[in-house]
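Enquirer: Just the structure for this:
(2 chains, ligands or ions: 1)
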Amino acid sequence: MKYLDEFRDPEIAQKLLDEIRQTARRPWVLMEVCGGQTHSIIRNGIDQLLPETVEMIHGPGCPVCVTPLEMIDKALAIAARPGVIFCSFGDMLRVPGSERDLFSVKSQGGDVRIVYSPLDAVRIARENPDKEVVFFGVGFETTAPANAMAVVQAKQLGLNNFSLLVSHVLVPPAIEAIMASPTNRVQAFLAAGHVCAVMGYWQYVPLVEKYRVPIVVTGFEPLDVLHGILRAVRQLEAGRAEVENAYERAVRYEGNVAAQKMLTEVFVVTDRMWRGIGTIPNSGWALSEKYAEFDAARRFDVGDIQTKESPICRSGEVLQGMIKPNQCAAFGRECTPLKPLGATMVSSEGACAAYYRYGRFVSAESIAAPAQVG
Amino acid sequence: MCLGIPGKVLEIYENGGIRMGKVDFDGIQKEVCLAYLPELEVGDYTIVHVGFAITKLDEESALESLRLFRELGAFEEELQAGDERPPGVNGT
Ligand code: SF4
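Expert: Coordinates of the predicted model:
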C-alpha cells in the first residue's frame, strides 16, 4: 500500500540500523513519546536490533493508559444509568476501573456502544432524542479535532441530549514533566508524528532551549522510527539540541491551522491528572465556557468517587520509563491482556500489552545480569 | 486510537454543512470528515484519525526521504569528513 510498504523495506531498515550503529559512539537513552511508536518498535523488533549504545524507553503517550482512574469510574457510573447511551472508542472498554470496566457494564445491560468516530455518536444522539448520548472524549491532540467537531456539530444541530466526557491530554507538558523529574534518564525524544501533524512542532522550541534536549518529530513505520532515532543520535553525538522533523511527508512546522483554530474555540487548557503519574499542570483540555453545556461531567452528578488502584500494578513506573513492563512481577502472570491489572496492558498502544503480544517476557537487564545465587 | 492510517481521497462532498469525503484504505472505503483540510483534492493521500483527515501526505517529501535512506552508507566517507547531515536533511 502506498506510503506504507515503502517505509517497511527491510533492506533500507538495515542501512539505517548500520548508520545508527556507526553514529552512536557513546551510550544514549531515547524516549519515544507515542504509544503507536512503542507498538511499532516492539512489533518490528527494533528494540532488539538497535546497537547496545541506544536504549529506547517507552513514554506516556498511550491515551488509554493515562486516562485517570477517577474518569474511568465516572464513565462507568454514567454508562450504567438507565436512559444513557454511552459511546466510546473500542480500546476504552477493557480499561480497568476501580471495580469493573465498560465491557462488564455492557454485559450487565448498559447501553455501551463502540463507535469509529465521535460524529457517529452525534448521529446516534439525533436518532435517539429520548436518550442521553454521552461520548467518552479521550486522547491526545490527534483525537481532539474530531471531538471538537462533534461538539460544534451538536451545538449547530441544537442537540440537548448529547454530551462529551472530556479527558484530553497534551504531549508538550508531559515532556516537560519528564525532563523536570530528578530521576529522569531521557536524553532525547522522538515526538509523536501525528500529534505534530495537528499541532505543528513550534511548541517544542521552548522545551529544546530550556532543557537542551533534542526532539525529533518521528513517524510510525519502521523506517520512520529508525530515521527519527538516527537523527536524534546524530544530534546527541554532535552536542546539538534542536527540533528536527524526520516525518516531513506528513508534518509541517505550523501544523494543521484549521484544526488548531477549532481546538482553541472549543477547549481550554487545564491541569490534568495522568493515571500512574499524577497531576501535570496545564497538561489537558476541558470544554470552554461556550460549550460547557455539552460537558457530561457537569450534566451528570455521579457523587463522590472513591478510586481503588491495583496494589501490585507498576504501570506508573512503566509510563515514566522507570521500568520495562517485563520487570513488573505481575507481567504475564496475574496480568495479561485478557485480565489486565493496569491500563498499560489493555490498549495495543500500551507498553505492557506490546511486550506481552510480541513475547518480550525476559527483561534485557536480567539477561545481561550475572546469575545470582539464592 | 492514535494510529493514523494513510488513504487516498476518492470523492469530496458536503453532508449536513460539513466537508466530507470517501477515502480508500487499500480497498476498504470509509466516509471521512475533510473539514480540517480545505485544500485537499480528489487523488491526494491523507492521514486519517478517528474519521478525520488531519494532514495531507506530500509525495515529494516521501520520495526525498526514501532517496536519502537508499543513499545511506554510499557517502559514508564524505559524510564523516564533512557536514554531519546529508544534503537536503535540514534542521529546524
Ligand atoms: S504488567 Fe500489568 S500489573 Fe504490571 S505494570 Fe503492566 S499493567 Fe500493571
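Enquirer: Report the central residue of chain A.
Expert: Closest to where the C-alpha atoms of chain A average out (CA atoms, centre = their mean) is residue A:62, at 2.1 Å.
Enquirer: So that one sits against residue A:351, correct?
Expert: Yes: between residue A:62 and residue A:351 there is a contact under CB atoms under 8 Å: 7.3 Å. Yep, even glycine has a C-beta here, placed from its N, CA and C like the rest.
Enquirer: which residues are in contact with both of those two?
Expert: Taking CB atoms under 8 Å, 6 or more residues apart in numbering or on different chains as the criterion, residue A:62 and residue A:351 both touch A:35, A:38, A:319, A:344.
Enquirer: Surely the second one touches residue A:354?
Expert: Yes: Residue A:38 is within contact range of residue A:354, at 5.6 Å (criterion: CB under 8 Å).
Enquirer: More neighbours: which of the two?
Expert: Set residue A:38 next to residue A:354 and count neighbours by other CB atoms under 10 Å in any protein chain shown: residue A:38 wins out with 29 against 25.
Enquirer: you'd agree the more buried one is in a strand?
Expert: No: assessed with DSSP: H, G, I helix; E, B strand; the rest coil, residue A:38 is helix; it does not lie in a strand.
Enquirer: Identify the residues contacting it.
Expert: When contacts are counted by CB under 8 Å, 6+ apart, residue A:38 touches A:32, A:58, A:59, A:61, A:62, A:349, A:350, A:351, A:354.
Enquirer: Nearest residue to residue A:351 in space, ignoring adjacent ones along the chain?
Expert: Leaving aside its chain neighbours, residue A:351 sits nearest to residue A:58 (4.3 Å; criterion: CB to CB, 6 or more residues apart in numbering or on different chains).
Enquirer: Contacts only, for the one you found.
Expert: Per CB under 8 Å, 6+ apart, neighbours of residue A:58: A:31, A:32, A:35, A:38, A:41, A:318, A:321, A:324, A:351.
Enquirer: What of residue A:80?
Expert: For residue A:80, the contacting residues are A:105, A:108, A:110, by CB under 8 Å, 6+ apart.
Enquirer: now it: how far from residue A:105?
Expert: Distance of residue A:80 to residue A:105, computed by CB to CB, to the nearest Å: 5 Å.
Enquirer: How confident was the prediction at residue 46?
Expert: Going with chain A. You'll see residue A:46 listed with a pLDDT of 95.
Enquirer: ah, no, chain B please
Expert: pLDDT recorded at residue B:46 is 96.
Enquirer: Which strands border the stretch of helix or strand it belongs to, and is each parallel or antiparallel?
Expert: Taking DSSP states H and E as the definition, residue B:46 sits inside strand B:45-49. Applying DSSP bridges, strand B:45-49 is found paired with strand B:5-15 (antiparallel), strand B:52-56 (antiparallel).
Enquirer: Give me whichever of these is most buried.
Expert: Neighbour counts (mean count of other CB atoms under 10 Å in any protein chain shown) averaged over each of those peak at strand B:52-56, with a mean of 26.
Enquirer: So what touches that one?
Expert: The contact list for strand B:52-56 (CB under 8 Å, 6+ apart) reads A:117, A:142, A:145-146, A:149, A:194, A:197-198, A:250-252, A:256, A:259, B:4, B:9, B:21, B:23, B:32-37, B:39-40, B:44-48.
Enquirer: Please see if stretch A:29-39 touches the ligand.
Expert: No: Stretch A:29-39 lies out of reach of the ligand by CB under 6 Å from any ligand atom, never closer than 12.7 Å.
Enquirer: Give the buried residues for that stretch.
Expert: Residues A:30, A:31, A:32, A:33, A:34, A:35, A:36, A:37, A:38, A:39 are the ones in stretch A:29-39 that count as buried (16 or more other CB atoms under 10 Å in any protein chain shown).
Enquirer: May I see these arranged in TSV, with distance to residue A:69 as well?
Expert: Formatted as TSV, the buried residues of stretch A:29-39 follow (distance: CB to CB, whole Å):
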residue	distance to residue A:69
A:30	29
A:31	24
A:32	25
A:33	22
A:34	22
A:35	18
A:36	23
A:37	25
A:38	21
A:39	23
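Enquirer: residues in contact with residue A:150?
Expert: Residues near residue A:150 by CB under 8 Å, 6+ apart: A:118, A:119, A:121, A:122, A:135, A:137, A:162, A:164.
Enquirer: Quickly find the element holding it.
Expert: Residue A:150 belongs to helix A:144-156, assigned by DSSP H and E.
Enquirer: Need the CA coordinates for stretch B:57-73. CSV is fine.
Expert: Only the C-alpha atoms of stretch B:57-73 are listed here, as CSV (Å, rounded to 0.1, in the frame of the first residue of the first chain):
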residue,chain,number,x,y,z
LEU,B,57,0.8,13.5,2.6
ASP,B,58,3.4,15.1,0.5
GLU,B,59,4.6,12.9,-2.3
GLU,B,60,7.8,14.8,-2.9
SER,B,61,8.9,14.6,0.7
ALA,B,62,8.1,10.9,0.8
LEU,B,63,10.3,10.3,-2.3
GLU,B,64,13.1,12.5,-1.0
SER,B,65,13.2,10.6,2.4
LEU,B,66,13.3,7.3,0.6
ARG,B,67,16.1,8.6,-1.7
LEU,B,68,18.1,9.7,1.3
PHE,B,69,17.7,6.4,3.1
ARG,B,70,18.9,4.5,0.0
GLU,B,71,22.0,6.7,-0.3
LEU,B,72,23.0,6.0,3.3
GLY,B,73,26.3,4.3,3.5
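Enquirer: rewinding a little: weed out the non-buried ones from the contacts of strand B:52-56.
Expert: A:117, A:142, A:145-146, A:149, A:194, A:197-198, A:250-252, A:256, A:259, B:4, B:9, B:21, B:23, B:32-37, B:40, B:44-48.
Enquirer: What are the phi and psi values at the closest residue to residue A:307 other than its chain neighbours?
Expert: Nearest non-adjacent residue to residue A:307, counting by CB to CB, 6+ apart: residue A:69, 4.5 Å away. Backbone torsions of residue A:69, given as degrees, to the nearest 10, read phi -60, psi -40.
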